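Got a sequence here, can you model it:
(2 chains)
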Amino acid sequence: AQSVTQLGSHVSVSEGALVLLRCNYSSSVPPYLFWYVQYPNQGLQLLLKYTSAATLVKGINGFEAEFKKSETSFHLTKPSAHMSDAAEYFCAVSESRGGADGLTFGKGTHLIIQP
Amino acid sequence: DAGVIQSPRHEVTEMGQEVTLRCKPISGHNSLFWYRQTMMRGLELLIYFNNNVPIDDSGMPEDRFSAKMPNASFSTLKIQPSEPRDSAVYFCASSPAGNEQFFGPGTRLTVL
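As a prediction, this is how the structure comes out:
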């Protein structure tokens, strides 16, 4: 069975500071990993995905994540936070390419940007 | 493209009533997923379809829940009878084969 753990239900950073959202996964097979963002009262939007190619994955809005097999981690980072980054972020894992068999999500991290 | 369309966006009903949530996937996508989001349990996969065929419904919480996909452009999730603990946001997502899932805006269900 696969699972995802997101450390920190709330993360607060100052505008312009580094954003680091943590995600650790458990999977019995090489995983496919995803980060989604959810703005209030909206659906989820894909930020980036790891599909066993490059371990450093670049996504939209300046976000990137690095797959580290030895640490079973897929942390999300952004060098400089912007007020518009305030949202809920979800890490997800799938054992099938693209999440074809459905995604298993973490509980989410609420990112707060302080002016 | 209009994206994944869900209706209604909000639904308030009383315990014991039947509730039907609707989803129109993106044209050309052959996979469709239903998820439920609650504060306590987060986002959970309920059921998914490939080419209109239900593949895995192990996430459906009880027999009160049922889902259908009569054609490639329409799916329903039905709860009968509804209970207060079914209150949640229900998301539909679709994807082309082996690629990312695109989520709809969700239906916020409140069962009184």
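
What residues does chain B have near chain A?
By CB under 8 Å from any CB of the partner chain, the residues of chain B that approach chain A are B:4, B:31, B:33, B:42-45, B:48, B:50, B:55-56, B:59, B:91, B:93, B:95, B:97-106. Where you see a C-beta, it was placed from the backbone N, CA and C, and this is true even at glycine.

Which members of those residues occur in strands, if any?
Secondary structure assignment (DSSP state E) places B:31, B:33, B:42-45, B:48, B:50, B:55-56, B:91, B:93, B:95, B:102-103 from the residues of chain B next to chain A within strands.

What residues does chain A have near chain B?
Near chain B, when you scan chain A using CB under 8 Å from any CB, you find A:34, A:36, A:41-46, A:49, A:90, A:96-108.

what residue ranges in chain B score low on pLDDT?
Low-confidence segments of chain B, defined by pLDDT under 70: B:1.

Tell me the bridge partners for the most centrally placed residue in it.
Centroid-nearest residue in chain B, with CA atoms, centre = their mean: B:W34, separated by 3.6 Å. The bridge-partner assignment for B:W34, based on DSSP bridges, gives B:I47, B:C92.

Just confirm it contacts B:F91, I think it does.
Yes. Here B:W34 reaches B:F91: they are 7.4 Å apart, a contact under CB atoms under 8 Å.

Please enumerate the strands of chain A.
A:3-5, A:10-14, A:19-21, A:24-26, A:32-38, A:44-50, A:56-58, A:64-68, A:73-78, A:87-94, A:104-105, A:109-114.

contact partners of the second one?
Contacts to strand A:10-14, defined as CB atoms under 8 Å, 6 or more residues apart in numbering or on different chains, come from residues A:V19, A:L20, A:L21, A:A81, A:T109, A:H110, A:L111, A:I112, A:I113, A:Q114, A:P115.

how about a cut-off of 7 Å?
Counting contacts by CB atoms under 7 Å, 6 or more residues apart in numbering or on different chains, the residues outside strand A:10-14 that touch it are A:V19, A:L21, A:A81, A:T109, A:H110, A:L111, A:I112, A:I113, A:Q114.
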